[in-house]
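Student: I need the structure of the sequence given here:
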Amino acid sequence: MLTCAILDILRQYNMNWCQVAIVNNERLDPTGHEPDPRYDTILRVLDIENDLIKKHLIISQSIEQSILVPDRSDGIRIMFDGPRPQNVKQCFCINQQTRGWGIRLGYLGGRQSNNREQGPIKPPQGKPRMKTEIQSQISFQTETVHQLERERDALENELRQVQESLTKTSRTITSRRQEHGKLKIALQRAEDRSATLKSDLESLNVEDGRLEGLKQNLAEAERQKSIDEDAYGTMGLEKDRLNKMSAEEKKTLTAVKKRIEEHEAKLQKTKQKCRNVEQVRRYALQAKNDAITQIEESRHEKERAQRKREQQAACVAAFITEATKVCERISVEPGQTTDSLDARLKVLDEQLKAYRREQGASDEEINNAAVDAEGSYRRAKTNHQGLVELLALLKQSFLNRIEMYRRFQRSITARSRINFGYLLSERAFRGKLTIDHKHKKLDVHVQPDDTVKGSKGRQTKTLSGGEKSFSSICLLLSLWEAMGAPLRCLDEYDVFMDDVNRDVTTKMIVSCSFSRMCLPTLTIYRSALPDALLVGNSS
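Tutor: As a prediction, this is how the structure comes out:
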């Protein structure tokens, strides 16, 4: 029942990987069940200080019959060559090819079975689960790193060789493809040439009378040739006659062309004179138009100058009017020029700048600085007022939270006192629980004798071992109940208890656990286990 309750708790908190083991304190002697002393076993190699853990590993994992052989071939020889070794269930070897991995050799079925089994063992993940020497771990990991680096270098060399082979193969494939293309083109050309020769051979077949037809065509061509030769001679004579007539006509044509050229030269001279006269007329007309345009532009320029003069006069009059508002017109000494007046103005500007430097800033800058300072003061004042209001609200909130916290402390204290008194009454004890939150102190007074009057009680130092353990259990249960702890664990709480106190305490713990749906995990002695199970079943 207790094991089921613990498994339910583990499933509730998603801790299914955690195993529950219940063992007793009886000593387990593996003598007589171990293999030959020349073999190393897990039990002989490991130094297990806790007897309960050693006993659990012997029962569940058979570590006294699991031998360790570094070489795989030796392990196969021991396990599978010859008769089955006595008191040996399995053998663990080191995988020489993959560092960190292992190999398990064993048998399937019972002790009389000969079904052999061989499988890999994955390396552990994370930190070591047992205490080992740090230096040996560092040496092992360093050797592992060196082994992995050597494997990486070997794989890189193999990769480079494969890449080089791939490159050579690719070049060979490319050259073979090019040669294949050339040979394919040559084959096509040879096939075309063969087809042409076949067709010519078929056309020269003498059996179909083609040769006789060609001979007849040749005779006709020779006759036509004689006729053409006669016609050619006749045409040569006619050509000579026509050449003579053409020479006479050519002379006449040359004389006519010469007269035409003379008339065309005279005509070109006349046209050139007309073009010259037309160009002179165009130039004269252009000059006339330019003169008219210049006259118009001069008139417009005159009008613009007059308007500008009037504008300048109006501007001078306006300047004089504005200057008169400042002060009366200042007479300028005779001989003063704009350069002298500019020099005098420059001297006055330098004097004004020196005055402003002595003052520290100009009037405008001083005024702007004053306006900025006043604005900064107003913003700072507003921010200060807001911070003061926020501080007041935070102080009030803090005081409210402190008050609620004090109420919560008082509530938990009152609940703990009530539960403590109630639990002590299970054995007719009386007691008082004093909690001082201000000085962070907790004091317990217990009166185990119900015949003694008075509520002062005795301090825990004056109680016996069983009474002190029972009072401690009551205190823990009352505090847990007030705190609302979901998982509650007690370890060997009945060390100093007698059978009566142990029975009462176990019943009280089980009844409290089942009544509040929060089951504590208990590690108890074998003598108290049956009573606890009976109490749980009765509940």
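Student: residue ranges with poor pLDDT in the protein?
Tutor: Where the chain drops to pLDDT under 70, the residues are 1-3, 17-21, 23, 109-113, 125-133, 136, 201-211, 450-460, 485, 513-539.
Student: how about the strands in it?
Tutor: Counting by DSSP state E, one finds strands in the chain at the ranges 40-41, 66-68, 90-94, 102-108, 115-121, 430-436, 441-447, 458-459, 489-491, 521-523.
Student: ok now the fourth one, how far from the chain's centre?
Tutor: Between the mean C-alpha location of strand 102-108 and the chain-wide mean there is a distance of 43 Å, by Cα atoms, centre = their mean, to the nearest Å.
Student: try the first one
Tutor: Here strand 40-41 shows a centroid-to-chain-centroid distance of 48 Å under the convention Cα atoms, centre = their mean.
Student: okay if I get the strands of the chain as CSV plus mean neighbour count and distance to E358?
Tutor: In short, each C-beta sits where N, CA and C put it, glycine included. Converted to CSV, those look like this (neighbours: other Cβ atoms under 10 Å; distance: least, Cβ to Cβ, whole Å):
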stretch, mean neighbour count, distance to E358
strand 40-41, 18, 102
strand 66-68, 21, 100
strand 90-94, 20, 96
strand 102-108, 16, 95
strand 115-121, 12, 95
strand 430-436, 16, 74
strand 441-447, 16, 75
strand 458-459, 14, 88
strand 489-491, 12, 87
strand 521-523, 16, 90
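Student: right, so of the ones you listed, which gets closest to E389?
Tutor: strand 430-436 (37.4 Å; Cβ to Cβ).
Student: Please work out the angle formed by the directions of that closest one and strand 441-447.
Tutor: Per axes from the mean of the first three to the mean of the last three Cα atoms, to 10 degrees, the angle that strand 430-436 makes with strand 441-447 is 170 degrees.
Student: Once you drop chain neighbours, what's closest to L479?
Tutor: S416 (5.7 Å; Cβ to Cβ, 6 or more residues apart in numbering).
Student: if we can go back for a sec, present the strands of the chain as JSON lines; the columns should include distance to I22.
Tutor: Formatted as JSON lines, the strands of the chain follow (distance: least, Cβ to Cβ, whole Å):
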{"stretch": "strand 40-41", "distance to I22": "25"}
{"stretch": "strand 66-68", "distance to I22": "23"}
{"stretch": "strand 90-94", "distance to I22": "25"}
{"stretch": "strand 102-108", "distance to I22": "27"}
{"stretch": "strand 115-121", "distance to I22": "28"}
{"stretch": "strand 430-436", "distance to I22": "34"}
{"stretch": "strand 441-447", "distance to I22": "33"}
{"stretch": "strand 458-459", "distance to I22": "37"}
{"stretch": "strand 489-491", "distance to I22": "14"}
{"stretch": "strand 521-523", "distance to I22": "9"}
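Student: What's the local residue count around the residue nearest to L479?
Tutor: 21 (other Cβ atoms under 10 Å).
Student: Can you check which of the strands of the chain gets nearest to A291?
Tutor: Checking the strands of the chain against A291 by Cβ to Cβ gives strand 115-121 as the closest, at 116.0 Å.
Student: The residue nearest to L479 against I435, yeah?
Tutor: Yes. At 7.0 Å, S416 and I435 qualify as touching, with contact defined as Cβ atoms under 8 Å.
Student: could you measure E333 against A318, distance?
Tutor: 25 Å (Cβ to Cβ, to the nearest Å).
Student: Have a look at the two and say which one is more surrounded.
Tutor: Neighbour totals were compared for E333 and A318, and A318 leads with 10 against 7 (other Cβ under 10 Å).
Student: Any buried residues in stretch 303-322, and which?
Tutor: By 16 or more other Cβ atoms under 10 Å, stretch 303-322 has no buried positions at all.
Student: Touching it from outside, list them.
Tutor: With Cβ atoms under 8 Å, 6 or more residues apart in numbering as the contact definition, stretch 303-322 has outside contacts at R329.
Student: what number of residues lie near Y493?
Tutor: The burial count for Y493: 21, using other Cβ under 10 Å.
Student: same deal with K54?
Tutor: K54: 18 surrounding residues under other Cβ under 10 Å.
Student: Looks like it contacts I48 (just checking).
Tutor: Yes. K54 is within contact range of I48, at 4.3 Å (criterion: Cβ under 8 Å).
Student: That concludes my questions; thank you for your assistance.
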